[in-house]
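>>> show me how the following folds:
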Amino acid sequence: MKKFLNQAEDFIPEMLEGIYLAHPDKFRFVKGDLHCLATARPVPGKVGIVTGGGSGHLPLFLGYVGKGMLDGCAIGDVFQSPSPEQILAVTQAVDGGAGVLYLYGNYNGDIFNFDMAAEMADLESDIRTSTVVAADDSAGALPSGNATTRRGVAGIFLVYKCAGASAARMDDLDTVQRIAQKAGDRVRTLGVALSPCIVPRIGKPGFHIGDNEMEIGMGIHGESGIRRGPQLSAKNIAEEMMSWLIADSPCQQGDEVAVLINGLGATPLEELYLMYRHVHQILAQSSIRVFRVWVGEFATAMEMTGMSISLMPVDDELKALLNAQADTPMFRQFPA
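Model prediction:
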């Protein structure tokens with residue numbers, strides 16, 4: 001294991017301390033707990049949006065706390081859920097009187113802890129909460145279309161963007177929840193991994209991929225994917241992934257889509273743009289128009305080599321929200 005660290009058990013608190021030191025005008029921690037991150041600039045009367053999940057995925061989750069996006073984040077250890085108490089502390093810190101939306105990925109630990117936090121927020125602080133669970137991973141698709149097996153992966157960024165823009169224009173909680181659910185229902189993501197990642201406390205790869213292998217559909221924690229086999233050319237990888245994605249996505253010929261090309265931690269931008277070239281060509285051949293594209297690292301898995309593709313068909317309502325301004329320490333967008 002070759003990483004910039006001191007003691008493995010100090011990796012997360014030292015990382016969090018660095019984030020607060022780097023962005024004192026953007027972030028604050030509450031209840032004396034570095035894992036409980038809230039915006040330094042709360043807006044009274046605005047719906048608060050709280051997310052959470054394990055560390056190891058920056059800029060996901062906490063990197064999107066800021067203007068036009070999220071208001072708070074409860075962060076766990078590497079690939080571990082935050083506690084209900086930590087989620088509650090963040091909820092109390094960001095509540096501006098208009099209620100709080102919980103928006104997080106489809107993982108059992110997160111669901112259990114956010115549900116507990118919602119009950120505590122109601123009983124202890126009389127805070128109204130609503131929940132949207134992002135489940136965009138096409139690798140979890142079943143013939144029945146049941147979303148409960150879909151993991152929440154990089155496509156949650158597009159849901160954050162829409163919900164955050166809705167809250168920023170002072171929509172009420174029911175509207176923000178509706179928009180988040182609408183975006184979440186539309187987005188689909190599929191990833192491919194070329195190499196594993198290492199959790200600092202463990203000190204070795206959590207799984208093995210051969211030097212000449214790839215795995216399509218692998219999750220951001222190393223969960224099993226759709227298939228493993230010899231590594232193909234970029235063109236053939238893109239064709240296989242897009243064939244699966246388009247079949248699973250609600251997008252149709254003639255639709256416009258938002259596209260997210262996401263690196264998993266160790267994939268150069270050059271390769272991500274090369275992959276987008278193929279994605280763009282395949283969409284054009286399928287008579288699907290690109291509304292807007294984001295290319296970069298949006299949801300990583302430590303130093304995993306790989307990438308994911310997210311597609312979300314858009315209408316006028318979602319276009320306006322996706323084009324809205326956002327200003328966070330790890331994502332900035334000027335209004336279109």
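>>> just the endpoints, please. Distance across stretch 186-199?
Distance between the boundary residues of stretch 186-199 (CA to CA, to the nearest Å) amounts to 32 Å.
>>> what are the buried residues along it?
186-199 (16 or more other CB atoms under 10 Å). Every residue, glycine included, has its C-beta placed from N, CA and C.
>>> what's the farthest-apart pair in those?
Arg186 and Ile198 (34.2 Å; CB to CB).
>>> quick one, what contacts Gly68?
164-165, 168, 324-328, 333 (CB atoms under 8 Å, 6 or more residues apart in numbering).
>>> from those, which land in helices?
Counting by DSSP state H, the members of the contacts of Gly68 that fall within helices are 164-165, 168.
>>> most neighbours, which of those?
Ranked by the number of neighbours (other CB atoms under 10 Å), those place Gly164 first, at 28 neighbours.
>>> wasn't Met242 part of a helix?
Yes - with the criterion set as DSSP: H, G, I helix; E, B strand; the rest coil, the secondary structure at Met242 is a helix.
>>> three-state assignment of the residue nearest to it when sequence neighbours are not counted?
Nearest residue to Met242, sequence neighbours excluded (CB to CB, 6 or more residues apart in numbering): Ile282, at 4.5 Å. Secondary structure assignment for Ile282 (three-state DSSP): helix.
>>> who touches Ile282 in this structure?
Applying CB under 8 Å, 6+ apart, one finds that Ile282 lies in contact with 238-239, 242, 246.
>>> Met302: which of those residues is nearest?
For those, with Met302 as the reference and CB to CB as the criterion, the closest is Ala238, at 24.0 Å.
>>> re earlier: turn the contacts of Gly68 into a markdown table, columns for pLDDT.
Formatted as a markdown table, these follow (pLDDT from 0 to 100):
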| residue | pLDDT |
| --- | --- |
| Gly164 | 98 |
| Ala165 | 98 |
| Ala168 | 98 |
| Ala324 | 98 |
| Gln325 | 98 |
| Ala326 | 98 |
| Asp327 | 98 |
| Thr328 | 98 |
| Gln333 | 98 |
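>>> nearest to Val293 among those?
Nearest to Val293 among the contacts of Gly68, with distances taken as CB to CB, is Gln333, at 12.5 Å.
>>> give me the beta-bridge partners of that closest one?
Legend: beta-bridge partners of Gln333 under DSSP bridges are Ala326.
>>> wait, it touches Gln325, no?
Yes - using CB atoms under 8 Å as the test, Gln333 is close enough to Gln325 to be in contact (6.3 Å).
>>> more crowded one of the two?
Here Gln333 and Gln325 are set side by side on neighbour count (other CB under 10 Å), and the busier one is Gln333, at 18 against 14.
>>> how near is the more buried one to Lys235?
Per CB to CB, to the nearest Å, Gln333 is found 30 Å from Lys235.
>>> for Gly152, same thing?
Going from Gly152 to Lys235 by CB to CB gives 29 Å.
>>> who has more neighbours, these two?
Taking Gly152 and Lys235 together and counting by other CB under 10 Å, Gly152 has the greater number of neighbours (26 against 14).
>>> wait, what's in contact with the more buried one?
Residues 104-107, 133-137 are the ones in contact with Gly152 under the rule CB under 8 Å, 6+ apart.
>>> most neighbours of all the residues you listed, which one?
Among these, Asp136 has more neighbours than the rest - 33 neighbours, counting by other CB under 10 Å.
>>> not including adjacent chain positions, what is the nearest residue to that residue?
Across the structure, with CB to CB, 6+ apart as the measure, the residue nearest Asp136 apart from its sequence neighbours is Gly155 (3.4 Å).
>>> gap between stretch 201-211 and the chain center?
The chain centre lies 23 Å from the centre of stretch 201-211; the measure is CA atoms, centre = their mean, to the nearest Å.
>>> in it, which residues are buried?
Of the residues in stretch 201-211, those buried by neighbour count under the rule 16+ other CB under 10 Å are 205, 209.
>>> before we move on, what about stretch 319-336?
319-324, 326, 328-331, 333.
>>> swap in stretch 227-247?
Of the residues in stretch 227-247, 231, 237-242, 244-246 count as buried by neighbour count, 16+ other CB under 10 Å.
>>> do you have the strands of the stretch 151-300 of the chain handy? List them.
Per DSSP state E, counting those that start in this stretch, the stretch 151-300 of the chain carries strands over the ranges 188-195, 213-216, 227-230, 256-263, 289-296.
>>> repeat that for the stretch 1-150 of the chain.
Secondary structure of the stretch 1-150 of the chain (DSSP E, counting those that start in this stretch): strands located at 27-30, 33-39, 48-55, 72-78, 100-105, 129-134.
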